[in-house]
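Q: Here is the input, now give the coordinates:
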Amino acid sequence: MKIGVIDYEAGNLTSVETALRYLQADYIISGKPEDLEPCSKIIFPGVGEASSAMNTLKTRKLDSFLDERFKANIPILGICLGCQIVLEESEENNTTCLGIVPGKAVRFPDSLNLKVPHMGWNQVEIERDHYLFEGLKNNSSFYFVHSYYPLLADHTTAVGSTDYGIRFSSVFSYKNLSAVQFHPEKSGDAGLKLLENFINYR
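A: The predicted structure is shown next:
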């Protein structure tokens, strides 16, 4: 069961690869749809800016590839920026995103007087059962680095939430796509367990 990791020049692939190698996963990292198409699961990581990421996805035809994989019921895991641009839009440079999941990515408001980006360890409160959190304790800590967060149009897609001045959905799941705003590949044992749950999911 090969895992396909999407390369769209949005960073952090080394950490993802290190985690997958540690978990002894069978994986391939590629920016070519033809390489990723045989994979039975897809990891969609990312660090960076929404509009440039979307431009790269379109140039490489990975936007249509992701949509096709979603419609084919292939399990997909979005990470950080990959969590945001599966939504319909992002406030970051008013970017039209993939539109797989209803909602948009919004910036932490200046009125909260918080340090932005939200960077460091924070807890995730589990709001409903989900396979990603099997074997994990509620309020486990994960590593975050982000200035924008998911604002879901349908809260029933929310799986977990995090408090940073406001409470936001840090994990959501819509059909065969799940997404986490944090970086499981940088989150120690809890993050590795979450990735292992994705790898082993049937």
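Q: burial count for His130?
A: If you count neighbours by other C-beta atoms under 10 Å, His130 ends up with 15. Just so you know, the C-beta spots here come from the backbone N, C-alpha and C atoms, and that holds for glycine as well.
Q: how about the lengthiest helix in the chain as CSV, C-alpha atoms only?
A: Longest helix of the chain, by residue count under DSSP state H: helix 188-200. Taking C-alpha atoms only, helix 188-200 is exported to CSV below (Å, rounded to 0.1, in the frame of the first residue of the first chain):
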residue,chain,number,x,y,z
GLY,A,188,7.0,13.7,18.4
ASP,A,189,5.3,10.4,19.4
ALA,A,190,1.7,11.8,19.2
GLY,A,191,2.3,13.0,15.6
LEU,A,192,3.9,9.7,14.6
LYS,A,193,1.0,7.8,16.0
LEU,A,194,-1.4,10.0,14.0
LEU,A,195,0.6,9.4,10.8
GLU,A,196,0.7,5.7,11.6
ASN,A,197,-3.1,5.6,11.9
PHE,A,198,-3.4,7.2,8.5
ILE,A,199,-0.9,4.7,7.0
ASN,A,200,-2.7,1.7,8.5
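Q: same for it, what does it pack against?
A: Here helix 188-200 touches helix 13-22, strand 41-44, strand 140-146, going by 3 or more C-beta pairs under 8 Å, 6 or more residues apart in numbering; DSSP states H and E.
Q: most neighbours per residue, which of those?
A: Highest mean neighbour count among the helices and strands packed on helix 188-200 (mean count of other C-beta atoms under 10 Å): strand 41-44, with a mean of 24.
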